[in-house]
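In: Sharing a model that was predicted from the sequence below.
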Amino acid sequence: MSFAAAEARPGQEARLAWTVFNCRPLAVEGIELGFGIPQSFTLSPQDVPAPLSYNPNTRTVSGGLPSLAAGATLTAQFPLRVTGLRAGDTVAVVGEVKDAAGAIIDQHSAELRIVPPATSATEIGAQGGVVELENGRARLAFPPEAVIARSQVLAQPVGHPADAPAYIGRGYEFVVQDPDGRERHTFAASPILTLQYEAGELLPDALHLQDADGQWQRLPTQRDAKARTLRAALPHLSIGASGLIGVTANISASPYRTIVDAVNRGDLAAATEQHRLLEPLARATMTHVPGTVSTKYLLHGLGRISSPRVRLPLVGPEEWEAALIEDDVALVRDLEGVDFTDFRPDRNAAAGGALPKIAGTTR
């Protein structure tokens, strides 16, 4: 077995070919072939040729081979997409041949070396533009008037970034340059990043952005499990917005005031630090249940309102949803305007939903 090419770039397909040769003087039957697919590759089940099949849960390709006459060969191949790797990595795929009794009678491996990714250059202007990588698997869309002067976007897949935490999968780098070659980091309208995930590839919960300080920030993300896409806009305040509307601000408004003031004076480092401190609270409020439900649940637990119940059709959090909210709240530290030291959530009081009161009735 071998790869069609010894090298590949992050995001590229690498075709794995295998050949079984019967060197015995008689036909053989009951032979089984199997491959273990490393986490650094993705494989679509429909790309695996019969009689083999791919199990994404065990990440194995296996199947029984037809009877092979003496001296006969059987050859096939399937594509693996390189993900979660960076330049300089070497990864191996191991294949085994077993007899009818399940004993391994032959074993081979194929290695692939990852080389630096190619960089694409796309021009955008006042009319907007779209940058695509890997045949549309990564798409960065600039709306009209995001930039005024004609600019160039340099883009490349980077596999798993070297300094990224384990929960970061495949990564992409985008650099926007003005006509004079200077990097541009602010935009009049938010660019939208969309990532497409193939069948058999893990669909994450959210997209993350590495800020200027090297910190990875979770972005508010639209996750479409059916279409297998993640979609997020870049943070608005860092790209020209002048204010905000925030559900989480009902719990703690001071950090948002700090962010707005810091951006207005050009201190993005201070704004980023407040964003980092806010992230667990924003996640608790906005990712597990509707924001109204979680906000009332948190405000009641802080003793600021008399009841956590919401009006139908909204209902209070389920036990497991409440547990997720409380786990995120436990990570809130040093956030001005709120202290969860005496947080006393009441899951029973929040359960169910209430009908709105109708004039002239008792409810």
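Out: All right, it came through fine.
In: pLDDT below threshold where in the chain?
Out: Counting by pLDDT under 70, the chain shows low-confidence ranges at 84-87, 162, 188, 211-213, 235-243, 263-266, 268, 354-363.
In: Where do the domain boundaries of it fall?
Out: The chain is divided into the following domains under automatic domain parsing: 2-114, 120-241, 242-363.
In: could those be laid out in CSV, adding mean neighbour count?
Out: All C-beta spots, glycine's among them, are computed from the backbone N, C-alpha and C. What follows is the domains of the chain, written out as CSV (neighbours: other C-beta atoms under 10 Å):
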stretch, mean neighbour count
domain 2-114, 16
domain 120-241, 16
domain 242-363, 16
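In: What helix or strand is Asp342 located in?
Out: Assigned by DSSP states H and E, Asp342 falls within no helix or strand.
In: ok, which stretches of the stretch 51-200 of the chain are strands?
Out: The residue ranges that make up the strands of the stretch 51-200 of the chain, judged by DSSP state E, counting those that start in this stretch, are 53-55, 60-64, 73-82, 90-98, 104-114, 120-124, 129-133, 138-142, 151-159, 171-177, 192-196.
In: With distance to Ile251 added, can I get the ones you listed in JSON lines?
Out: What follows is the strands of the stretch 51-200 of the chain, written out as JSON lines (distance: least, C-beta to C-beta, whole Å):
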{"stretch": "strand 53-55", "distance to Ile251": "45"}
{"stretch": "strand 60-64", "distance to Ile251": "47"}
{"stretch": "strand 73-82", "distance to Ile251": "42"}
{"stretch": "strand 90-98", "distance to Ile251": "45"}
{"stretch": "strand 104-114", "distance to Ile251": "45"}
{"stretch": "strand 120-124", "distance to Ile251": "38"}
{"stretch": "strand 129-133", "distance to Ile251": "37"}
{"stretch": "strand 138-142", "distance to Ile251": "32"}
{"stretch": "strand 151-159", "distance to Ile251": "36"}
{"stretch": "strand 171-177", "distance to Ile251": "32"}
{"stretch": "strand 192-196", "distance to Ile251": "28"}
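In: Let's see stretch 304-316 as PDB, backbone CA atoms only.
Out: Presented in PDB, the C-alpha positions along stretch 304-316 are these (Å, rounded to 0.1, in the frame of the first residue of the first chain):
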ATOM      1  CA  ARG A 304     -32.200  40.100  41.600                       C
ATOM      2  CA  ILE A 305     -35.700  39.000  40.500                       C
ATOM      3  CA  SER A 306     -38.500  37.200  42.300                       C
ATOM      4  CA  SER A 307     -39.100  34.400  39.800                       C
ATOM      5  CA  PRO A 308     -37.100  32.600  37.100                       C
ATOM      6  CA  ARG A 309     -40.200  31.400  35.300                       C
ATOM      7  CA  VAL A 310     -40.800  32.500  31.700                       C
ATOM      8  CA  ARG A 311     -43.900  32.800  29.600                       C
ATOM      9  CA  LEU A 312     -45.000  30.100  27.200                       C
ATOM     10  CA  PRO A 313     -44.100  28.900  24.700                       C
ATOM     11  CA  LEU A 314     -40.700  29.300  26.500                       C
ATOM     12  CA  VAL A 315     -40.000  26.900  29.300                       C
ATOM     13  CA  GLY A 316     -37.400  26.700  32.000                       C
END
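In: So what touches that stretch?
Out: Outside stretch 304-316, the residues that touch it by C-beta atoms under 8 Å, 6 or more residues apart in numbering are 290, 292-293, 296-297, 299-301, 346-347, 349-356.
In: what about that stretch, distance to the chain center?
Out: Here the centre of stretch 304-316 is set off from its chain's centre by 32 Å, with C-alpha atoms, centre = their mean, to the nearest Å.
In: same question, stretch 288-301
Out: Between the centre of stretch 288-301 and the centre of its host chain there is 25 Å, according to C-alpha atoms, centre = their mean.
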